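> Generate a structure from the sequence data that follows.
(2 chains)
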Amino acid sequence: MFAAANLDAILLTAKLASVVTLLLLLIGTPIAWWLANTRSRLKPPLEAIVALPIVLPPSVLGFYLLVAMGPHGPVGQVTQALGLGTLPFTFTGLVVASVLYSLPFVVQPIQNAFAAIGPGLLEAAATLRATPRDRFFTVALPLARPGFITAAVLGFAHTVGEFGVVLMVGGNIPGQTRVVSVQIYDHVEALEYGQAHELAILLMGFSFVTLFLLYAFNRRATVPGT
Amino acid sequence: MNDLAARFRHGYPGFGLEVDLRLPPRGVTAIFGPSGSGKTTLLRLIAGLERAADGYLSVADAVWQDAQTFVPTHERPLGYVFQDARLFPHLDVRRNLDYGLSRIPSSLRRVSLDGVIELLGIGPLMDRKPERLSGGERQRVAIARALVVSPRLLLLDEPLAALDQARKQEVLPYLERLHDTLDIPVLYVSHAIDEVARLADHMVVLDGGRVVAQGSTLDLMARTDLPLSGEDAAGALIEAGVAGHDETYQLTSVVFPGGRLTLPRQARDVGQRVRVRILARDVSITLAAQTGTSIINILPARVTAIAAAGPSQSVVSLDLGGTAILARVTRKSVDALGLKPGLAVHAQIKGVALLK
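Just a heads-up that it's a prediction; the model follows:
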């Protein structure tokens, strides 16, 4: 159905988005929990940092990541000392960049879901002998489930949809960093409009169906008794 | 020895709580006071949901808080019923009950799940989610959930406050059954004097974060120097025994130290102990015993104290020969009758309510 190069790009994109979504849920959950419960003065600055990718041009984030992960950057020094080489223009580098870039899309829904639960039910759990950890897993997590679903969908979709950061950090290496959005750009530059259209309509359909399902789910989740 | 000792100094801007309490090891103690008096804060401090910088708390010889110790809430063997029930919305009633029960080692379980389900009458609700329960049902499930963890102390924070009158009447009998069944101390926060009268053996009266009185409910209810007596529902409680029934007129008489009262026929056995409540507004005072009146209960009394209750009203404390009741009269009547402590009068009692 798809040309081989396009299929490679699709599979790579799916792999990237899956890995990134998984990592984001692991990293984003503790951040969201802390933000939802803290009264620390560090909360506003941390929230601002998490939200930065929403307003920054992807090229800005990509530029600094490129510098930081490059051979002379602090991250690059560490990765080289560990014998990992440098991360720019590798799949791993792309994962790191994508995690940072999509972080707010995962943290914010989870944080809102945790905040909506409020302290009341967790207090009730405490009076029923549940330890803080126990309360998190048996009360907070199940009740925040709609937030997690939103977070996972947005994190995945946003990673699929990124372009600027990928181009800056990942470049355009087939099978390594050439994701669908970059492939479309390539096709257009080469005036292969048919090929570009094949991928573009796919992303369009994917994005619509994803968002549609998400809104449909959220509507159901907020109607009591369903 | 098994009692509860609590001493807290806890403050934040605009509010300070300073209490020093010793409560008996069994029976229901009402923590009574107007809103903002610190009742709920006191309960939260006892549960460890809030932490007073300066506090001491021991329950049945176990220290829960002192200068070195602060036992976290989940390690305190207590049961807590919140005003808003706080059932877990993602779990059905059965799993709400199991939540606490499954976290108690079986060696510490002293309360049977079936017994609690029976006590609160929630058997038919077990498979329902909380959203499909009425307010009264929710509160009964919340009470059951707090009981199945075999608490050594039960804390109830205005469990009826969020319910309408009909739901209150639905839940109250269950609370009364609790009172008769439990052998642990129960703290019952309330600002409703009629609930306190029905349920509490002891009372702690809070106002502005301070304890203004503590003692037996019977004693405190009959005092004129507490904010209680100014309430519309103020009135004395009397412990009495059923003396007999008049089948012709369908009346029951009860005796208490200092007199006898007649009230509509009650389904009680002769000799049974009952608690009756006489509202201050249902008692009037005459200097001489009235004849030719429809009021049945007229008892000789002696004035012991008079206190103002609002701009036009006074509350008069009357001694019926060992038992105190309150009467609400106008200040004008106090002057017209020349009421003063020591004066012998007659109390005309229009209404007597049997509580249990």
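
> Any idea what the nearest residue to B:I325 once chain neighbours are set aside is bridged to?
Closest residue in space to B:I325, ignoring its immediate chain neighbours: B:A236 at 4.1 Å, by Cβ to Cβ, 6 or more residues apart in numbering or on different chains. Glycine gets a C-beta too; all of them are placed from N, C-alpha and C. Taking DSSP bridges as the rule, B:A236 bridges to B:I278.

> neighbours around B:A236, how many?
Using other Cβ atoms under 10 Å in any protein chain shown, B:A236 has 26 neighbouring residues.

> and it, what does it touch?
Contacts for B:A236 (Cβ atoms under 8 Å, 6 or more residues apart in numbering or on different chains) come out as B:L218, B:M221, B:A222, B:R277, B:I278, B:A280, B:T323, B:A324, B:I325, B:L326.

> Can you flag which of those residues belong to strands?
Taking DSSP state E, the ones among these that sit in strands are B:R277, B:I278, B:A324, B:I325, B:L326.

> how near is A:G62 to B:F70?
Going from A:G62 to B:F70 by Cβ to Cβ, to the nearest Å gives 49 Å.

> Just the helices from chain A, written as ranges.
Taking DSSP state H to define them, one finds helices in chain A at A:4-37, A:43-55, A:58-69, A:74-81, A:91-127, A:132-135, A:141-143, A:145-161, A:164-165, A:180-189, A:193-222.

> go on, the stretch 101-250 of chain B?
Applying DSSP state H, counting those that start in this stretch to the stretch 101-250 of chain B gives helices spanning B:113-120, B:135-147, B:165-181, B:193-199, B:217-221.

> Tell me which of those lies nearest to A:D134.
A:D134 lies closest to helix B:135-147 among the helices of the stretch 101-250 of chain B, at 15.9 Å (Cβ to Cβ).

> quick one: contacts of the closest one?
The list of residues contacting helix B:135-147 from outside it, by Cβ under 8 Å, 6+ apart, reads A:127-128, B:79-82, B:85-87, B:93, B:96-97, B:99-100, B:111, B:116-117, B:119-122, B:125, B:130, B:133, B:154, B:156, B:159-160, B:162-164, B:167-168, B:170-171, B:174-175, B:178.

> Can you report how many residues lie near the residue nearest to A:P53 when sequence neighbours are not counted?
Nearest residue to A:P53, sequence neighbours excluded (Cβ to Cβ, 6+ apart): A:Y101, at 4.9 Å. Burial measure for A:Y101: 25 neighbouring residues, criterion other Cβ under 10 Å.

> sec struct for the residue sitting furthest away from the middle of chain B, please.
Largest separation from the mean C-alpha position in chain B: B:G292, at 38.0 Å (Cα atoms, centre = their mean). Classification of B:G292 by DSSP: H, G, I helix; E, B strand; the rest coil places it in coil.

> give me phi/psi at it?
Main-chain dihedrals, B:G292, degrees, to the nearest 10: phi 60, psi 40.

> Which residue, other than its chain neighbours, is closest to B:E170?
Distances taken as Cβ to Cβ, 6+ apart put B:G136 closest to B:E170, at 4.3 Å, once the chain neighbours are dropped.

> Same question for A:Y185.
Using Cβ to Cβ, 6+ apart, the closest residue to A:Y185 is A:F163 (7.2 Å).

> then stretch B:233-250 to CSV, C-alphas only?
Below are the C-alpha coordinates for stretch B:233-250, written out as CSV (Å, rounded to 0.1, in the frame of the first residue of the first chain):
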residue,chain,number,x,y,z
ALA,B,233,-34.1,24.1,70.9
ALA,B,234,-32.6,24.5,74.4
GLY,B,235,-34.0,22.2,77.0
ALA,B,236,-33.2,19.9,79.8
LEU,B,237,-32.8,16.1,79.7
ILE,B,238,-34.1,13.8,82.4
GLU,B,239,-33.3,10.2,82.9
ALA,B,240,-36.5,8.5,84.1
GLY,B,241,-38.1,5.2,84.6
VAL,B,242,-41.4,4.0,83.1
ALA,B,243,-43.8,3.9,86.1
GLY,B,244,-47.0,2.7,84.4
HIS,B,245,-49.6,3.1,81.7
ASP,B,246,-53.1,4.4,81.7
GLU,B,247,-54.9,2.4,79.1
THR,B,248,-58.1,4.4,79.3
TYR,B,249,-56.5,7.6,78.2
GLN,B,250,-53.6,6.1,76.5
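
> and the closest residue to A:V179 other than its chain neighbours, what does it touch?
Closest residue to A:V179 apart from its sequence neighbours, by Cβ to Cβ, 6+ apart: A:T13 at 4.3 Å. Applying Cβ under 8 Å, 6+ apart to A:T13 gives the contacts A:V160, A:V179, A:V180, A:S181.

> switch to 10 Å and redo it
Applying Cβ atoms under 10 Å, 6 or more residues apart in numbering or on different chains to A:T13 gives the contacts A:159-162, A:166, A:178-183, A:199, A:202-203, A:206.

> Equivalent analysis for B:L355, please.
Per Cβ under 10 Å, 6+ apart, neighbours of B:L355: B:E176, B:D194, B:A197, B:R198, B:L199, B:L237, B:I238, B:V274, B:R275, B:V276, B:R277.

> which of these lies closest to chain A?
Ranked by distance to chain A (Cβ to the nearest Cβ), those are led by B:L199 at 20.7 Å.

> Next one: that closest one relative to A:A115, how far apart?
According to Cβ to Cβ, B:L199 stands 37 Å off from A:A115.

> Which one of the two is surrounded by more residues?
B:L199 (23 against 14).

> Count the neighbours of the residue nearest to B:E170 for me.
Neighbours around B:G136, by other Cβ under 10 Å: 19.

> in the chain, which ranges drop under the pLDDT threshold?
You didn't pick a chain, so chain A it is. Scanning chain A for pLDDT under 70 picks out A:1, A:221-226.

> sorry, should have said chain B
Applying pLDDT under 70 to chain B flags the ranges B:1-2, B:356.

> repeat that for 80
Residue ranges of chain B with pLDDT under 80: B:1-2, B:12-14, B:227-233, B:356.

> And the residue of it that's closest to chain A?
For chain B, Cβ to the nearest Cβ, closest residue to chain A: B:G100, 3.4 Å.

> what about that residue, which SS state?
Judged by three-state DSSP, the three-state class of B:G100 is helix.

> how does chain B divide into domains?
Following automatic domain parsing, chain B resolves into domains at B:4-221, B:235-354.

> State which one residue of chain A is found closest to chain B.
Closest point on chain A to chain B, by Cβ to the nearest Cβ, is A:L128, at 3.4 Å.

> Thought A:Y64 was touching the residue nearest to A:P53, still the case?
No. With contact defined as Cβ atoms under 10 Å, A:Y101 does not reach A:Y64; the gap is 11.6 Å.

> Quickly list what's touching both of those two.
Common neighbours of A:Y101 and A:Y64, using Cβ under 10 Å, 6+ apart, are A:L56, A:V169.
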